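Engineer: Okay, here's the prediction I keep looking at, along with the sequence it came from:
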Amino acid sequence: MIRIVKLSFKATHVADFKALFELRKSLIRNVEGCTHLALWQDHDDDCVFYTYSLWQAPEFLALYRNSELFKETWTQVKQWFDKPPMAFSANQILTL
C-alpha cells in the first residue's frame, strides 16, 4: 500500500519539521511493515512537504498510527501546520 501525506507548514516551522524528521526518519522506516520512506519538498512552495511511504498491508500502517512514535511525532508537528494535512492511500496497479 502506498501512503502519501501532504503537510503544509508555517514558514517559521519548516526548519523545525526538517530537524524532527531527520531525528525520526529511521525509527519510522524501521516500523514493522514499512518498506520504504521518502520525504519530498514541493517544487513551488518550500513550506509544503509530502511523505511517501510503502506498507506491506494497511494493518501495518494502522499499527504505526496507533503507536507512541506516531502519537509523539504528530503531537509535535500538528502545531506547526499552516493548513490541515491531506492523506492519500493507494494500491499500485501499473509501473512502466
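Structural biologist: Arrived safely. Residues are numbered from 1 along each chain as shown.
Engineer: The helix or strand harbouring residue 18: which residues count as buried?
Structural biologist: Assessed by DSSP states H and E, residue 18 sits inside helix 14-29. By neighbour count with 16 or more other C-beta atoms under 10 Å, helix 14-29 contains the buried residues 14, 17, 21, 24, 28. C-beta: built from backbone N, CA, C; applies to glycine.
Engineer: can you give me the strands for this protein?
Structural biologist: Remark: strands assigned in the chain by DSSP state E are 2-9, 34-41, 48-55, 81-90.
Engineer: what about stretch 46-61, average pLDDT?
Structural biologist: Mean pLDDT, computed over stretch 46-61, is 97.
Engineer: Kindly report the same for stretch 67-81.
Structural biologist: 97.
Engineer: tell me the centre residue of this protein?
Structural biologist: residue 51 (3.7 Å; C-alpha atoms, centre = their mean).
Engineer: follow-up on the earlier one: nearest to residue 68, of the strands of the chain?
Structural biologist: strand 34-41 (15.7 Å; C-beta to C-beta).
Engineer: Give me the sheet partners of that closest one and which way each runs.
Structural biologist: strand 48-55 (antiparallel) (DSSP bridges).
Engineer: just the angle between the strand it pairs with and helix 14-29, please?
Structural biologist: 0 degrees (axes from the mean of the first three to the mean of the last three C-alpha atoms, to 10 degrees).
Engineer: hmm, back to that, against which helices or strands is the helix holding residue 18 packed?
Structural biologist: strand 34-41, helix 68-78 (3 or more C-beta pairs under 8 Å, 6 or more residues apart in numbering; DSSP states H and E).
Engineer: In JSON lines, list those along with distance to residue 92 and mean neighbour count.
Structural biologist: Converted to JSON lines, the helices and strands packed on helix 14-29 look like this (distance: least, C-beta to C-beta, whole Å; neighbours: other C-beta atoms under 10 Å):
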{"stretch": "strand 34-41", "distance to residue 92": "12", "mean neighbour count": "14"}
{"stretch": "helix 68-78", "distance to residue 92": "23", "mean neighbour count": "13"}
